[in-house]
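Asker: Everything below, folded, please.
(one chain, ligands or ions: 1)
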Amino acid sequence: MLEHTPTPVVERSALRINPAKTCQPIGAMYAAMGIHRCLPYSHGSQGCCSYHRSHLTRHFKEPVMAATSSFTEGASVFGGQPNLLQGLGTVFSAYDPDVVAITTTCLSETIGDDIPQIVGEAERQHLIPDGKYVIHANTPSYVGSHVTGFANMCTAMARYFATPITTKPRSTDRSRVNIVPGFVNPSDMREIRRLAEATGLAVTMFPDTSGVLDAPQTGHHEFYPAGGTTVEELRNLGRAKATLALGPWASRDAAVEVEQRADVPRELLDLPIGIAATDRFLQVLASRGGTIGSELEAERGRLVDLVVDAQQHFYGRKVAIFGDPDHVLSLTEFCRDLGMIPVHVLTGTPGKKFVKRAGEILGPAASAANIAADADLFTLHQWIKNEPVDLLLGTTYGKYIARAEDIPLVRVGWPVLDRYGQGLLPTLGYAGGVQLATRMLDALLDRRDRDAVEHEFELVL
Ligand code: SF4
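Answerer: Predicted structure coming up:
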(Lines give C-alpha, C1' and ligand atoms only; values in the text may rest on other atoms or scores of the structure.)
Protein backbone atom coordinates (compact mmCIF):
# COMPACT_ATOMS: atom_id res chain seq x y z
CA MET A 1 0.00 0.00 0.00
CA LEU A 2 2.89 2.37 0.75
CA GLU A 3 5.23 0.92 -1.86
CA HIS A 4 5.42 4.26 -3.68
CA THR A 5 6.80 6.22 -0.72
CA PRO A 6 9.97 7.83 -2.14
CA THR A 7 13.25 7.45 -0.25
CA PRO A 8 14.61 11.01 -0.77
CA VAL A 9 13.36 13.31 1.99
CA VAL A 10 12.16 16.65 0.60
CA GLU A 11 11.42 19.58 2.93
CA ARG A 12 7.65 20.21 3.11
CA SER A 13 5.97 23.16 4.82
CA ALA A 14 2.32 23.05 3.79
CA LEU A 15 1.40 19.40 3.32
CA ARG A 16 0.66 16.64 5.85
CA ILE A 17 0.53 13.03 4.66
CA ASN A 18 -0.79 10.50 7.16
CA PRO A 19 -0.79 12.81 10.20
CA ALA A 20 0.35 11.22 13.45
CA LYS A 21 -2.49 12.84 15.40
CA THR A 22 -6.23 13.39 15.44
CA CYS A 23 -8.29 16.46 16.27
CA GLN A 24 -8.69 18.31 19.56
CA PRO A 25 -12.30 17.40 20.47
CA ILE A 26 -11.50 13.68 20.54
CA GLY A 27 -9.06 14.18 23.38
CA ALA A 28 -11.42 16.55 25.15
CA MET A 29 -14.26 14.04 24.83
CA TYR A 30 -12.06 11.28 26.28
CA ALA A 31 -11.08 13.48 29.23
CA ALA A 32 -14.73 14.42 29.84
CA MET A 33 -15.65 10.75 30.11
CA GLY A 34 -13.36 10.65 33.14
CA ILE A 35 -15.86 12.72 35.15
CA HIS A 36 -18.53 10.68 36.92
CA ARG A 37 -21.97 10.99 35.27
CA CYS A 38 -20.66 13.39 32.63
CA LEU A 39 -22.13 13.63 29.14
CA PRO A 40 -19.68 15.03 26.57
CA TYR A 41 -21.34 17.50 24.23
CA SER A 42 -19.87 18.41 20.86
CA HIS A 43 -20.83 21.91 19.69
CA GLY A 44 -20.61 21.54 15.93
CA SER A 45 -21.78 19.24 13.19
CA GLN A 46 -23.11 15.75 13.70
CA GLY A 47 -20.36 14.36 11.49
CA CYS A 48 -17.58 15.57 13.80
CA CYS A 49 -19.28 14.04 16.82
CA SER A 50 -19.81 10.73 15.02
CA TYR A 51 -16.13 10.59 14.10
CA HIS A 52 -14.99 11.36 17.66
CA ARG A 53 -17.30 8.80 19.20
CA SER A 54 -16.52 6.07 16.70
CA HIS A 55 -12.77 6.56 16.97
CA LEU A 56 -12.90 6.29 20.76
CA THR A 57 -15.20 3.27 20.53
CA ARG A 58 -12.87 1.52 18.11
CA HIS A 59 -9.96 1.80 20.54
CA PHE A 60 -11.76 1.03 23.80
CA LYS A 61 -14.35 -1.39 22.34
CA GLU A 62 -16.89 0.32 24.59
CA PRO A 63 -19.90 2.54 23.81
CA VAL A 64 -19.01 6.23 23.89
CA MET A 65 -21.98 8.49 24.58
CA ALA A 66 -21.91 12.10 23.44
CA ALA A 67 -24.47 14.71 22.37
CA THR A 68 -24.08 17.15 19.49
CA SER A 69 -25.48 20.52 18.46
CA SER A 70 -26.05 19.00 15.00
CA PHE A 71 -25.22 22.12 13.01
CA THR A 72 -26.98 22.60 9.70
CA GLU A 73 -26.26 25.21 7.03
CA GLY A 74 -28.24 27.80 9.03
CA ALA A 75 -26.13 27.38 12.16
CA SER A 76 -22.99 27.57 10.04
CA VAL A 77 -24.02 31.04 8.86
CA PHE A 78 -25.92 32.53 11.80
CA GLY A 79 -24.14 30.81 14.71
CA GLY A 80 -24.96 27.85 16.90
CA GLN A 81 -26.63 29.48 19.91
CA PRO A 82 -30.16 28.19 19.21
CA ASN A 83 -28.80 24.66 18.68
CA LEU A 84 -26.80 24.71 21.92
CA LEU A 85 -29.69 26.09 23.96
CA GLN A 86 -32.06 23.46 22.61
CA GLY A 87 -29.39 20.78 23.01
CA LEU A 88 -28.74 21.60 26.69
CA GLY A 89 -32.47 21.53 27.43
CA THR A 90 -32.77 18.15 25.73
CA VAL A 91 -29.79 16.42 27.32
CA PHE A 92 -30.71 17.44 30.87
CA SER A 93 -34.31 16.31 30.47
CA ALA A 94 -33.55 13.12 28.52
CA TYR A 95 -30.23 11.88 29.97
CA ASP A 96 -29.98 13.51 33.43
CA PRO A 97 -26.16 13.97 33.57
CA ASP A 98 -24.48 15.61 36.57
CA VAL A 99 -22.11 17.44 34.23
CA VAL A 100 -22.28 18.39 30.56
CA ALA A 101 -18.81 19.00 29.09
CA ILE A 102 -18.96 21.08 25.91
CA THR A 103 -16.21 20.84 23.31
CA THR A 104 -16.10 23.03 20.24
CA THR A 105 -15.25 21.91 16.72
CA CYS A 106 -13.47 23.61 13.83
CA LEU A 107 -16.78 24.97 12.57
CA SER A 108 -18.10 26.51 15.78
CA GLU A 109 -14.64 27.96 16.52
CA THR A 110 -14.47 29.51 13.07
CA ILE A 111 -17.94 31.00 13.47
CA GLY A 112 -16.77 32.35 16.82
CA ASP A 113 -19.55 31.05 19.08
CA ASP A 114 -19.04 32.36 22.62
CA ILE A 115 -19.76 29.31 24.76
CA PRO A 116 -19.75 30.99 28.22
CA GLN A 117 -22.21 33.61 26.90
CA ILE A 118 -24.51 30.89 25.51
CA VAL A 119 -24.31 28.86 28.73
CA GLY A 120 -25.15 32.06 30.64
CA GLU A 121 -28.22 32.43 28.43
CA ALA A 122 -29.13 28.79 29.15
CA GLU A 123 -28.95 29.57 32.87
CA ARG A 124 -31.19 32.61 32.41
CA GLN A 125 -33.69 30.40 30.59
CA HIS A 126 -33.50 27.80 33.41
CA LEU A 127 -32.34 25.10 31.01
CA ILE A 128 -29.68 23.90 33.48
CA PRO A 129 -31.28 22.25 36.53
CA ASP A 130 -30.11 23.15 40.06
CA GLY A 131 -27.12 21.11 41.17
CA LYS A 132 -26.06 20.36 37.59
CA TYR A 133 -23.00 21.77 35.85
CA VAL A 134 -21.99 22.79 32.35
CA ILE A 135 -18.27 23.14 31.68
CA HIS A 136 -16.54 23.85 28.40
CA ALA A 137 -13.20 23.73 26.61
CA ASN A 138 -12.36 25.52 23.39
CA THR A 139 -10.92 22.87 21.10
CA PRO A 140 -10.22 24.30 17.63
CA SER A 141 -8.77 21.45 15.62
CA TYR A 142 -6.54 23.56 13.45
CA VAL A 143 -4.38 24.04 16.55
CA GLY A 144 -2.57 21.23 18.36
CA SER A 145 -3.92 17.70 18.41
CA HIS A 146 -6.13 15.33 20.42
CA VAL A 147 -3.54 15.69 23.21
CA THR A 148 -4.11 19.46 23.24
CA GLY A 149 -7.86 18.82 23.51
CA PHE A 150 -7.34 16.44 26.41
CA ALA A 151 -5.17 19.06 28.16
CA ASN A 152 -7.76 21.77 27.53
CA MET A 153 -10.61 19.73 29.03
CA CYS A 154 -8.51 18.76 32.09
CA THR A 155 -7.75 22.45 32.56
CA ALA A 156 -11.46 23.24 32.27
CA MET A 157 -12.19 20.80 35.11
CA ALA A 158 -9.81 22.72 37.34
CA ARG A 159 -11.06 26.09 36.11
CA TYR A 160 -14.70 25.30 36.82
CA PHE A 161 -14.34 23.38 40.09
CA ALA A 162 -11.04 23.99 41.93
CA THR A 163 -11.31 26.44 44.84
CA PRO A 164 -9.10 27.16 47.85
CA ILE A 165 -9.84 24.92 50.83
CA THR A 166 -9.12 26.64 54.12
CA THR A 167 -10.33 23.96 56.57
CA LYS A 168 -7.40 22.11 58.10
CA PRO A 169 -7.17 18.31 57.64
CA ARG A 170 -7.88 16.21 60.73
CA SER A 171 -4.92 14.50 62.32
CA THR A 172 -6.30 11.14 61.17
CA ASP A 173 -6.63 12.24 57.51
CA ARG A 174 -4.15 10.71 55.11
CA SER A 175 -2.04 13.12 53.09
CA ARG A 176 -3.65 13.66 49.70
CA VAL A 177 -2.21 14.30 46.26
CA ASN A 178 -3.97 15.20 43.02
CA ILE A 179 -2.80 13.33 39.93
CA VAL A 180 -3.48 14.35 36.33
CA PRO A 181 -2.68 11.04 34.65
CA GLY A 182 -2.19 12.10 31.03
CA PHE A 183 -3.88 10.72 27.90
CA VAL A 184 -3.50 7.07 28.90
CA ASN A 185 -5.72 4.00 28.95
CA PRO A 186 -8.15 3.26 31.80
CA SER A 187 -5.86 0.39 32.79
CA ASP A 188 -2.99 2.85 33.16
CA MET A 189 -5.08 5.22 35.26
CA ARG A 190 -6.00 2.27 37.48
CA GLU A 191 -2.31 1.37 37.74
CA ILE A 192 -1.25 4.93 38.58
CA ARG A 193 -3.81 5.02 41.39
CA ARG A 194 -2.74 1.60 42.67
CA LEU A 195 0.92 2.64 42.80
CA ALA A 196 0.17 5.98 44.47
CA GLU A 197 -2.19 4.49 47.03
CA ALA A 198 0.35 1.74 47.76
CA THR A 199 2.56 4.48 49.21
CA GLY A 200 -0.15 5.26 51.75
CA LEU A 201 -1.29 8.54 50.19
CA ALA A 202 -4.89 9.41 49.38
CA VAL A 203 -5.38 10.21 45.70
CA THR A 204 -7.70 12.42 43.68
CA MET A 205 -7.14 11.60 40.04
CA PHE A 206 -8.71 13.71 37.37
CA PRO A 207 -9.84 12.65 34.90
CA ASP A 208 -10.24 8.97 35.69
CA THR A 209 -11.71 6.82 32.91
CA SER A 210 -11.15 3.54 34.77
CA GLY A 211 -14.53 2.00 35.49
CA VAL A 212 -16.01 4.03 32.62
CA LEU A 213 -14.24 2.83 29.47
CA ASP A 214 -13.23 -0.54 30.92
CA ALA A 215 -16.51 -1.19 32.73
CA PRO A 216 -17.23 -4.87 33.44
CA GLN A 217 -19.81 -6.77 31.39
CA THR A 218 -22.79 -7.30 33.66
CA GLY A 219 -25.51 -7.95 31.11
CA HIS A 220 -27.05 -4.54 31.85
CA HIS A 221 -26.29 -1.31 30.03
CA GLU A 222 -25.32 1.51 32.38
CA PHE A 223 -25.56 4.88 30.63
CA TYR A 224 -23.23 6.28 33.30
CA PRO A 225 -20.85 3.55 34.53
CA ALA A 226 -19.63 3.62 38.13
CA GLY A 227 -16.20 5.18 37.47
CA GLY A 228 -15.02 8.74 36.96
CA THR A 229 -13.96 11.62 39.19
CA THR A 230 -16.94 13.03 41.06
CA VAL A 231 -17.82 16.71 41.15
CA GLU A 232 -17.26 16.63 44.92
CA GLU A 233 -13.70 15.37 44.38
CA LEU A 234 -13.07 18.11 41.82
CA ARG A 235 -14.40 20.74 44.20
CA ASN A 236 -11.95 19.44 46.81
CA LEU A 237 -8.83 19.55 44.65
CA GLY A 238 -7.57 22.28 46.97
CA ARG A 239 -7.23 19.77 49.83
CA ALA A 240 -4.15 18.15 48.27
CA LYS A 241 -0.52 18.74 49.21
CA ALA A 242 0.49 18.73 45.54
CA THR A 243 -0.78 18.12 42.02
CA LEU A 244 1.34 15.68 40.03
CA ALA A 245 1.06 16.29 36.28
CA LEU A 246 2.11 13.16 34.39
CA GLY A 247 3.26 14.25 30.96
CA PRO A 248 3.74 17.96 30.19
CA TRP A 249 1.69 18.01 26.99
CA ALA A 250 -1.44 16.41 28.43
CA SER A 251 -1.34 17.39 32.08
CA ARG A 252 0.75 20.47 32.81
CA ASP A 253 -1.87 23.14 32.19
CA ALA A 254 -4.43 21.53 34.51
CA ALA A 255 -1.88 21.38 37.33
CA VAL A 256 -1.01 25.04 36.77
CA GLU A 257 -4.72 25.90 36.93
CA VAL A 258 -5.14 24.06 40.26
CA GLU A 259 -2.08 25.87 41.60
CA GLN A 260 -3.41 29.27 40.59
CA ARG A 261 -6.98 28.70 41.77
CA ALA A 262 -6.54 26.52 44.84
CA ASP A 263 -2.95 27.24 45.90
CA VAL A 264 -1.77 23.65 45.48
CA PRO A 265 1.85 23.36 44.25
CA ARG A 266 2.45 21.41 41.07
CA GLU A 267 5.04 18.79 40.19
CA LEU A 268 5.67 18.07 36.52
CA LEU A 269 6.78 14.55 35.65
CA ASP A 270 7.22 12.33 32.62
CA LEU A 271 4.64 9.62 32.06
CA PRO A 272 5.84 6.77 34.30
CA ILE A 273 6.66 4.30 31.51
CA GLY A 274 9.69 2.13 32.25
CA ILE A 275 11.98 1.87 35.25
CA ALA A 276 13.52 5.34 35.51
CA ALA A 277 10.31 7.33 34.96
CA THR A 278 8.38 5.13 37.43
CA ASP A 279 11.20 5.59 39.96
CA ARG A 280 10.88 9.36 39.62
CA PHE A 281 7.09 9.16 40.06
CA LEU A 282 7.41 7.16 43.27
CA GLN A 283 10.20 9.38 44.58
CA VAL A 284 7.96 12.43 44.23
CA LEU A 285 5.18 10.59 46.07
CA ALA A 286 7.70 9.74 48.80
CA SER A 287 8.71 13.40 49.02
CA ARG A 288 5.02 14.22 49.62
CA GLY A 289 4.69 11.83 52.54
CA GLY A 290 4.32 8.44 50.83
CA THR A 291 6.24 5.32 51.81
CA ILE A 292 7.80 3.02 49.23
CA GLY A 293 7.30 -0.40 50.76
CA SER A 294 8.86 -3.76 50.08
CA GLU A 295 6.10 -4.85 47.68
CA LEU A 296 6.79 -1.91 45.36
CA GLU A 297 10.52 -2.64 45.58
CA ALA A 298 9.78 -6.27 44.65
CA GLU A 299 7.70 -5.15 41.65
CA ARG A 300 10.58 -3.02 40.49
CA GLY A 301 12.99 -5.89 41.01
CA ARG A 302 10.90 -8.19 38.82
CA LEU A 303 11.02 -5.71 35.94
CA VAL A 304 14.77 -5.21 36.38
CA ASP A 305 15.21 -9.00 36.37
CA LEU A 306 13.33 -9.34 33.09
CA VAL A 307 15.42 -6.59 31.51
CA VAL A 308 18.66 -8.20 32.68
CA ASP A 309 17.58 -11.68 31.54
CA ALA A 310 16.72 -10.43 28.05
CA GLN A 311 19.54 -7.94 27.68
CA GLN A 312 21.21 -9.75 24.79
CA HIS A 313 18.00 -9.54 22.74
CA PHE A 314 17.41 -5.82 23.31
CA TYR A 315 20.99 -4.59 23.14
CA GLY A 316 21.85 -2.65 19.99
CA ARG A 317 18.45 -3.15 18.34
CA LYS A 318 17.30 -0.13 16.38
CA VAL A 319 13.81 1.14 17.12
CA ALA A 320 11.48 3.78 15.66
CA ILE A 321 9.00 5.36 18.10
CA PHE A 322 6.02 7.53 17.19
CA GLY A 323 2.76 8.70 18.77
CA ASP A 324 1.74 11.21 21.42
CA PRO A 325 4.62 13.30 22.78
CA ASP A 326 4.38 12.26 26.43
CA HIS A 327 4.25 8.60 25.42
CA VAL A 328 7.06 8.87 22.88
CA LEU A 329 9.46 10.57 25.27
CA SER A 330 8.96 8.02 28.04
CA LEU A 331 9.13 5.13 25.56
CA THR A 332 12.37 6.58 24.21
CA GLU A 333 13.84 6.62 27.70
CA PHE A 334 12.67 3.04 28.34
CA CYS A 335 14.17 1.82 25.06
CA ARG A 336 17.44 3.60 25.87
CA ASP A 337 17.53 1.85 29.26
CA LEU A 338 16.87 -1.49 27.56
CA GLY A 339 20.03 -0.98 25.50
CA MET A 340 18.13 -0.32 22.28
CA ILE A 341 18.96 2.51 19.88
CA PRO A 342 16.04 4.86 19.17
CA VAL A 343 16.96 6.11 15.71
CA HIS A 344 13.63 7.70 14.70
CA VAL A 345 11.53 9.59 17.30
CA LEU A 346 8.45 11.42 16.02
CA THR A 347 5.20 12.96 17.22
CA GLY A 348 2.41 14.64 15.30
CA THR A 349 1.59 17.01 18.16
CA PRO A 350 3.33 20.40 17.93
CA GLY A 351 5.71 21.58 20.67
CA LYS A 352 9.30 22.75 20.39
CA LYS A 353 10.29 21.23 23.73
CA PHE A 354 9.78 17.73 22.31
CA VAL A 355 12.99 17.78 20.28
CA LYS A 356 14.94 19.25 23.17
CA ARG A 357 13.69 16.69 25.70
CA ALA A 358 14.25 13.76 23.30
CA GLY A 359 17.78 15.05 22.79
CA GLU A 360 18.35 15.15 26.56
CA ILE A 361 17.13 11.56 26.92
CA LEU A 362 19.30 10.24 24.09
CA GLY A 363 22.39 12.22 25.09
CA PRO A 364 25.30 11.85 22.65
CA ALA A 365 23.21 9.41 20.55
CA ALA A 366 20.80 12.23 19.71
CA SER A 367 23.08 13.60 16.99
CA ALA A 368 22.64 10.38 15.01
CA ALA A 369 18.87 10.18 15.54
CA ASN A 370 15.98 11.69 13.59
CA ILE A 371 13.72 13.60 15.99
CA ALA A 372 10.69 15.67 14.99
CA ALA A 373 7.52 17.19 16.46
CA ASP A 374 4.47 18.26 14.43
CA ALA A 375 5.49 15.68 11.82
CA ASP A 376 3.67 12.95 9.90
CA LEU A 377 3.96 9.25 9.16
CA PHE A 378 5.11 9.89 5.60
CA THR A 379 8.26 11.43 7.10
CA LEU A 380 8.65 8.49 9.45
CA HIS A 381 8.36 6.07 6.55
CA GLN A 382 11.00 7.95 4.59
CA TRP A 383 13.35 7.95 7.58
CA ILE A 384 12.89 4.19 7.93
CA LYS A 385 13.56 3.64 4.24
CA ASN A 386 16.84 5.50 4.67
CA GLU A 387 17.74 3.83 7.95
CA PRO A 388 15.84 0.59 8.64
CA VAL A 389 14.90 -0.45 12.18
CA ASP A 390 14.37 -3.75 13.99
CA LEU A 391 11.19 -2.66 15.76
CA LEU A 392 8.45 -0.08 15.36
CA LEU A 393 6.66 1.21 18.48
CA GLY A 394 3.48 3.20 17.99
CA THR A 395 -0.20 3.20 17.19
CA THR A 396 -2.20 1.15 14.73
CA TYR A 397 -1.45 3.68 12.01
CA GLY A 398 2.08 2.28 11.89
CA LYS A 399 0.85 -1.03 10.49
CA TYR A 400 1.09 0.22 6.91
CA ILE A 401 4.77 1.09 7.35
CA ALA A 402 5.36 -2.18 9.20
CA ARG A 403 3.86 -4.10 6.29
CA ALA A 404 5.64 -2.14 3.59
CA GLU A 405 9.06 -2.47 5.25
CA ASP A 406 8.48 -5.85 6.93
CA ILE A 407 9.15 -4.60 10.47
CA PRO A 408 7.57 -5.96 13.66
CA LEU A 409 5.15 -3.45 15.19
CA VAL A 410 4.33 -3.29 18.90
CA ARG A 411 1.12 -1.36 19.34
CA VAL A 412 1.25 1.17 22.15
CA GLY A 413 -0.46 4.51 22.79
CA TRP A 414 -3.66 5.81 21.26
CA PRO A 415 -5.35 4.75 19.05
CA VAL A 416 -4.98 1.00 18.72
CA LEU A 417 -7.89 0.10 16.50
CA ASP A 418 -7.03 -3.39 15.34
CA ARG A 419 -6.19 -5.26 18.56
CA TYR A 420 -8.17 -5.99 21.71
CA GLY A 421 -7.52 -5.47 25.41
CA GLN A 422 -5.58 -2.20 25.07
CA GLY A 423 -7.74 -0.54 27.70
CA LEU A 424 -7.31 -3.47 30.10
CA LEU A 425 -3.55 -4.08 30.29
CA PRO A 426 -1.33 -1.27 31.66
CA THR A 427 1.90 -0.09 30.09
CA LEU A 428 2.65 2.33 32.95
CA GLY A 429 4.44 1.52 36.19
CA TYR A 430 6.67 -1.48 36.86
CA ALA A 431 3.91 -3.99 36.10
CA GLY A 432 3.16 -2.17 32.85
CA GLY A 433 6.86 -2.20 32.07
CA VAL A 434 6.85 -5.99 32.34
CA GLN A 435 3.91 -6.13 29.90
CA LEU A 436 5.52 -3.76 27.47
CA ALA A 437 9.01 -5.26 27.57
CA THR A 438 7.53 -8.74 27.11
CA ARG A 439 5.55 -7.68 24.06
CA MET A 440 8.62 -6.00 22.55
CA LEU A 441 10.72 -9.08 23.27
CA ASP A 442 8.11 -11.41 21.78
CA ALA A 443 8.02 -9.32 18.61
CA LEU A 444 11.82 -9.42 18.27
CA LEU A 445 12.05 -13.15 19.02
CA ASP A 446 9.13 -14.07 16.76
CA ARG A 447 10.95 -12.24 14.01
CA ARG A 448 14.20 -14.05 14.77
CA ASP A 449 12.43 -17.42 14.66
CA ARG A 450 10.75 -16.51 11.39
CA ASP A 451 13.99 -15.45 9.71
CA ALA A 452 16.26 -18.18 11.10
CA VAL A 453 17.79 -20.53 8.55
CA GLU A 454 17.27 -24.22 9.32
CA HIS A 455 20.53 -24.86 11.21
CA GLU A 456 20.08 -21.68 13.35
CA PHE A 457 16.49 -22.37 14.35
CA GLU A 458 16.87 -22.75 18.12
CA LEU A 459 14.54 -24.17 20.78
CA VAL A 460 15.87 -21.85 23.48
CA LEU A 461 16.64 -18.20 22.74
S1 SF4 B 1 -13.95 19.22 11.19
FE2 SF4 B 1 -12.46 19.66 12.82
S3 SF4 B 1 -13.44 19.00 14.74
FE4 SF4 B 1 -14.58 18.07 13.04
S5 SF4 B 1 -13.67 16.03 12.80
FE6 SF4 B 1 -12.62 17.42 11.36
S7 SF4 B 1 -10.80 18.16 12.45
FE8 SF4 B 1 -12.22 17.28 13.99
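Asker: May I see the buried residues of stretch 236-255?
Answerer: 236-255 (16 or more other CB atoms under 10 Å). Every C-beta, even on glycine, is put in place using the N, C-alpha and C of the backbone.
Asker: roughly how far out does that stretch sit from the chain middle?
Answerer: 15 Å (CA atoms, centre = their mean, to the nearest Å).
Asker: Any idea how far apart the tips of that stretch sit?
Answerer: Terminal residues of stretch 236-255 lie 14 Å apart, using CA to CA, to the nearest Å.
Asker: now swap in stretch 266-282 and tell me
Answerer: End-to-end span of stretch 266-282 (CA to CA): 15 Å.
Asker: Same question for stretch 371-384.
Answerer: With CA to CA as the measure, what separates the two termini of stretch 371-384 is 12 Å.
Asker: Pairing-wise in the sheet, spell out the partners of the residue nearest to residue 265 when sequence neighbours are not counted.
Answerer: Distances taken as CB to CB, 6 or more residues apart in numbering put residue 242 closest to residue 265, at 5.3 Å, once the chain neighbours are dropped. Note on residue 242: beta-bridge partners by DSSP bridges are residue 177.
Asker: so what's residue 242 up against?
Answerer: 177-178, 264-267, 284, 288 (CB atoms under 8 Å, 6 or more residues apart in numbering).
Asker: where's residue 65, which helix or strand?
Answerer: Using DSSP states H and E, residue 65 sits in no helix or strand.
Asker: measure it to the ligand for me?
Answerer: As judged by CB to the nearest ligand atom, to the nearest Å, residue 65 and the ligand stand 18 Å apart.
Asker: Report the contact partners of that residue.
Answerer: 39-40, 53, 95, 223.
Asker: Quick check: which of those residues has the minimum pLDDT.
Answerer: Here the lowest pLDDT out of the contacts of residue 65 sits on residue 223, with 93.
Asker: residue contacts, that one?
Answerer: 65, 95.
Asker: distance between the ends of stretch 6-26?
Answerer: Termini of stretch 6-26 sit 32 Å apart (CA to CA).
Asker: buried stuff in it?
Answerer: 18-26.
Asker: In JSON lines, list those residues along with secondary structure and distance to the ligand.
Answerer: Below are the buried residues of stretch 6-26 laid out as JSON lines (DSSP: H, G, I helix; E, B strand; the rest coil; distance: CB to the nearest ligand atom, whole Å):
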{"residue": "18", "secondary structure": "coil", "distance to the ligand": "15"}
{"residue": "19", "secondary structure": "strand", "distance to the ligand": "10"}
{"residue": "20", "secondary structure": "coil", "distance to the ligand": "15"}
{"residue": "21", "secondary structure": "coil", "distance to the ligand": "10"}
{"residue": "22", "secondary structure": "coil", "distance to the ligand": "7"}
{"residue": "23", "secondary structure": "coil", "distance to the ligand": "3"}
{"residue": "24", "secondary structure": "helix", "distance to the ligand": "7"}
{"residue": "25", "secondary structure": "helix", "distance to the ligand": "5"}
{"residue": "26", "secondary structure": "helix", "distance to the ligand": "7"}
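Asker: now, the most widely separated pair of the residues you listed?
Answerer: Maximum pairwise distance among these (CB to CB): 20.4 Å, between 18 and 25.
Asker: So which of the contacts of residue 242 is surrounded by the most neighbours?
Answerer: When neighbours are taken as other CB atoms under 10 Å, the top entry among the contacts of residue 242 is residue 178 (29 neighbours).
Asker: Touching, it and residue 205? I think so.
Answerer: Yes - Residue 178 is in contact with residue 205 according to CB atoms under 8 Å; the separation is 7.5 Å.
Asker: quick check, residue 244 in a helix?
Answerer: No - under DSSP: H, G, I helix; E, B strand; the rest coil, residue 244 falls outside any helix and is assigned strand.
Asker: for it, what are its contacts?
Answerer: 177-180, 255, 266-267, 269, 281, 284-285.
Asker: And it, what's its pLDDT?
Answerer: 98.
Asker: So it versus residue 227, what's the distance?
Answerer: The gap separating residue 244 from residue 227 is 20 Å, by CB to CB, to the nearest Å.
Asker: How about residue 274?
Answerer: Counting by CB to CB, the gap from residue 274 to residue 227 is 26 Å.
Asker: now swap in residue 294 and tell me
Answerer: For residue 294 relative to residue 227 (CB to CB), the value is 30 Å.
Asker: In this protein, where's the longest helix?
Answerer: helix 429-451 (DSSP state H).
Asker: Buried residues in that one, which are they?
Answerer: Buried, per 16+ other CB under 10 Å, within helix 429-451: 429-437, 439-441, 443-444, 448.
Asker: more crowded one of residue 274 and residue 227?
Answerer: Taking neighbours as other CB under 10 Å, residue 274 and residue 227 compare with residue 274 leading, 28 against 21.
Asker: didn't the more buried one look like it was pressed against residue 433?
Answerer: Yes - using CB under 8 Å, residue 274 is in contact with residue 433, at 5.5 Å.
Asker: Counting by contacts, list what the helix or strand of the chain with the lowest mean pLDDT packs against.
Answerer: None of the helices or strands of the chain scores lower by mean pLDDT, DSSP states H and E than helix 73-78, at a mean of 90. With contacts taken as 3 or more CB pairs under 8 Å, 6 or more residues apart in numbering; DSSP states H and E, helix 73-78 sits against helix 106-111.
Asker: mind listing what's buried in the helix it packs on?
Answerer: 106-109, 111.
Asker: So which of those reach the ligand?
Answerer: residue 106 (CB under 6 Å from any ligand atom).
Asker: List just the nearest of the contacts of residue 244 to residue 325.
Answerer: Closest to residue 325, out of all of these and judged by CB to CB, is residue 269, at 14.1 Å.
Asker: picking that back up, go ahead and name everything in contact with the least confident helix or strand of the chain.
Answerer: The list of residues contacting helix 73-78 from outside it, by CB under 8 Å, 6+ apart, reads 69, 82-83, 107, 111.
Asker: Now with 6 Å, please.
Answerer: Here helix 73-78 makes contact (CB atoms under 6 Å, 6 or more residues apart in numbering) with residue 83.
Asker: mind listing what's buried in that helix?
Answerer: Those would be residue 75, for helix 73-78 by 16+ other CB under 10 Å.
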